[in-house]
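Undergrad: next input, structure requested:
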Amino acid sequence: MGAFVSEISTARRSDWTLPVLSYGAYVLACIALLHPTAFEMARLWLQSSSHHHGILVAPLAVWMILERPRITPATNAASIAAVFAACLLWLAGNAGGVALIEQFAFVSLLIAGAGVMFGGQALKQWAAPLLFLYFMVPFGAVLVPPLQQITASAVVALLGATGISVSIDGNLIRTPAGLFEIAEACAGLNFLLAALMIASLYACQFLRANQTRLAFVLIAAAVALLANFLRTFLLILIATVTEMRVAVGPDHLAVGLVFYGLVFFLLVFVGERLRRQEKAGPERTPSMMFRPWRPMIALLSLFPVAASYAYAGYVVNEPIERTAPLTLSPFNAPGWRVLSAPINWRPALLADRVSGATYVQRDTTVYTISGFFTHDRRGREIVNYHNRPWDGEDWRRIGTADEMIYLFGAAQRTPLDLIAGPEGQRLAVITAYWRGEDVYLDPHAFKKAQMFDKLRGRNPEGGIVFIAATYRRDPAEALAALRPFTHEVEDFSSWRIRNEIGMR
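TA: Modelled structure (predicted):
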């Protein structure tokens, strides 16, 4: 009898050999064919403090799967439709130059491939570990500006409660000791993402009721945000009380590590209390009856991935030989005197050609910086986080505004970035994007148009125009200079025609 049981156990282990090897080959094929996406994710795991946790996600997901009862693998042809859908999503992200969509689609491919190789029962039993894989995606950048604002407001309130004289200007906090910036690294995104990952892992493994799981994840998010508020408050408080002798430099990092540890232990404490109340462990489901594993279905799952790679290479990202003009003509603005480019402000701009000009009319001064791109491509995307009015060193964004402004023939709601530079300088900046003959003030509308064009094999030249004016305290001072200029500047098509010879 013992020999018979051993024989069945061996047979079940052998059932996994081909599916595991096939899935490994599928994952390697996805990485090889879609390597720009995979490598960019890995680069952010290593370089971004907010996404170091991404390195641990896949091993933890495998551990979660191994903790569940073993099932009999069976290929699932229906999951190939999910592979197709993920490939289409990846193509859309690639054409639009939206890395987040590409990376989300890449992880979706890994999940869909697991469905193909191991079957529907595996998808059901492994739902939590497979969804956990989405923590590999370096998401959350869109949360940084609101997190900076919330953190700054919370810190000012806490400092005010202690009786310290404090004022706020966007993300800048002034105390008697000096000026403090709630920088992007201080926004707390790293705290938030790490807490959400830990809470999700614990909830999936040790909590059973969905309401309890959701409550624990929400508690983790709240704890992370509050911990970051308190950490930032204490750093500024200590630096202020000690007149900048403590809580700067290495002390700053040490306090962050301490709070990281406190957040982790607090989450484990809360999780254990919830676990004891439920008296539950990992989910258990019965094993599925044996069904034959079909290699041909596994092989078919590679065709959508290979087709996406080919279409992206030969249509979406077709090599383009196009030269940038040697110089870009400044915009014509009747009544404004044109001077050389500003020397005290240089935005971050990875363009093929960059030029600038200063416009003066009586006591009013407006600055423009234009960037020309022969075409949109990886590393030189027109709409990209690295193309922005502030460089993150001398100039930093301290806020945003939204105003009705007439520009290039149309009046519309226009977003402005409020940035601070050396010696208390302030600028309000309009950012306009263009491709071909079309101008966009909304980067999302630009990306959408670009996606549809590049999927059809069209990739015209494009660029960015920054228009800025200074202000002292109120951004309305800058608007008073910007509005006359934007009303009087020439149509965009006229400027483009003047520069057309250099674009050929």
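Undergrad: contact partners for S48?
TA: P138 (Cβ atoms under 8 Å, 6 or more residues apart in numbering). All C-beta atoms are positioned from the backbone trio N, CA, C, and that covers glycine.
Undergrad: gap between it and G140?
TA: Distance, S48 to G140, by Cβ to Cβ, to the nearest Å: 10 Å.
Undergrad: mean confidence score for stretch 418-437?
TA: Mean per-residue pLDDT for stretch 418-437: 93.
Undergrad: now the helices: where do they sit in the stretch 351-500 of the chain?
TA: 443-455, 476-488, 492-498, 500-503 (DSSP state H, counting those that start in this stretch).
Undergrad: hey, which helix or strand in the protein has the poorest pLDDT?
TA: One helix or strand of the chain scores below all others by mean pLDDT, DSSP states H and E: helix 2-15, with a mean of 47.
Undergrad: next SSE downstream of that one?
TA: Using DSSP states H and E, the helix or strand that follows helix 2-15 in sequence is helix 17-33.
Undergrad: list the buried residues for the following helix or strand past that following helix?
TA: Remark: after helix 17-33, the chain's next helix or strand is helix 35-47, criterion DSSP H and E. Using 16 or more other Cβ atoms under 10 Å as the test for burial, helix 35-47 gives T37, A38, E40, M41, A42, L44, W45.
Undergrad: and the first one, how far is that from T17?
TA: Counting by Cβ to Cβ, the separation of T37 from T17 is 29 Å.
Undergrad: domains in the chain, by residue range?
TA: 2-138+295-316, 142-278, 337-503 (automatic domain parsing).
Undergrad: would you turn the ones you listed into a markdown table with distance to L326?
TA: Listed next are the domains of the chain as a markdown table, based on distance: least, Cβ to Cβ, whole Å:
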| stretch | distance to L326 |
| --- | --- |
| domain 2-138+295-316 | 26 |
| domain 142-278 | 36 |
| domain 337-503 | 6 |
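Undergrad: out of the ones you listed, flag the one nearest T327.
TA: domain 337-503 (6.4 Å; Cβ to Cβ).
Undergrad: strands along the protein, start to end?
TA: Using DSSP state E, the strands of the chain run over 167-169, 172-175, 178-181, 337-339, 353-361, 364-373, 396-407, 410-420, 426-435, 438-440, 462-470.
Undergrad: with mean neighbour count and distance to P146 added, can I get those in CSV?
TA: Compiled in CSV, these are given as follows (neighbours: other Cβ atoms under 10 Å; distance: least, Cβ to Cβ, whole Å):
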stretch, mean neighbour count, distance to P146
strand 167-169, 15, 15
strand 172-175, 18, 17
strand 178-181, 16, 16
strand 337-339, 12, 38
strand 353-361, 18, 31
strand 364-373, 22, 27
strand 396-407, 16, 10
strand 410-420, 17, 15
strand 426-435, 23, 19
strand 438-440, 18, 23
strand 462-470, 23, 23
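Undergrad: can you lay out the ones you listed as a markdown table showing distance to C204?
TA: Below are the strands of the chain laid out as a markdown table (distance: least, Cβ to Cβ, whole Å):
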| stretch | distance to C204 |
| --- | --- |
| strand 167-169 | 40 |
| strand 172-175 | 39 |
| strand 178-181 | 38 |
| strand 337-339 | 62 |
| strand 353-361 | 49 |
| strand 364-373 | 44 |
| strand 396-407 | 37 |
| strand 410-420 | 39 |
| strand 426-435 | 41 |
| strand 438-440 | 42 |
| strand 462-470 | 43 |
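Undergrad: distance of the closest residue to Y202 other than its chain neighbours from V217?
TA: Nearest residue to Y202 in three dimensions, chain neighbours excluded: G271, at 4.6 Å (Cβ to Cβ, 6 or more residues apart in numbering). As judged by Cβ to Cβ, G271 and V217 stand 10 Å apart.
Undergrad: T37 too?
TA: 27 Å.
Undergrad: thinking again about what came up before, make JSON lines from the helices of the stretch 351-500 of the chain and add mean neighbour count and distance to A420 to it.
TA: Below are those laid out as JSON lines (neighbours: other Cβ under 10 Å; distance: least, Cβ to Cβ, whole Å):
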{"stretch": "helix 443-455", "mean neighbour count": "18", "distance to A420": "22"}
{"stretch": "helix 476-488", "mean neighbour count": "18", "distance to A420": "13"}
{"stretch": "helix 492-498", "mean neighbour count": "15", "distance to A420": "29"}
{"stretch": "helix 500-503", "mean neighbour count": "12", "distance to A420": "35"}
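Undergrad: looking at the ones you listed, which one has the lowest mean pLDDT?
TA: helix 500-503 (a mean of 54).
Undergrad: between the domains of the chain, which gets the lowest average pLDDT?
TA: For the domains of the chain, where the average pLDDT is lowest is domain 142-278, sitting at a mean of 83.
Undergrad: residue boundaries of the helices in the stretch 151-300 of the chain?
TA: Using DSSP H, counting those that start in this stretch, helices in the stretch 151-300 of the chain cover 189-206, 210-241, 250-278, 295-300.
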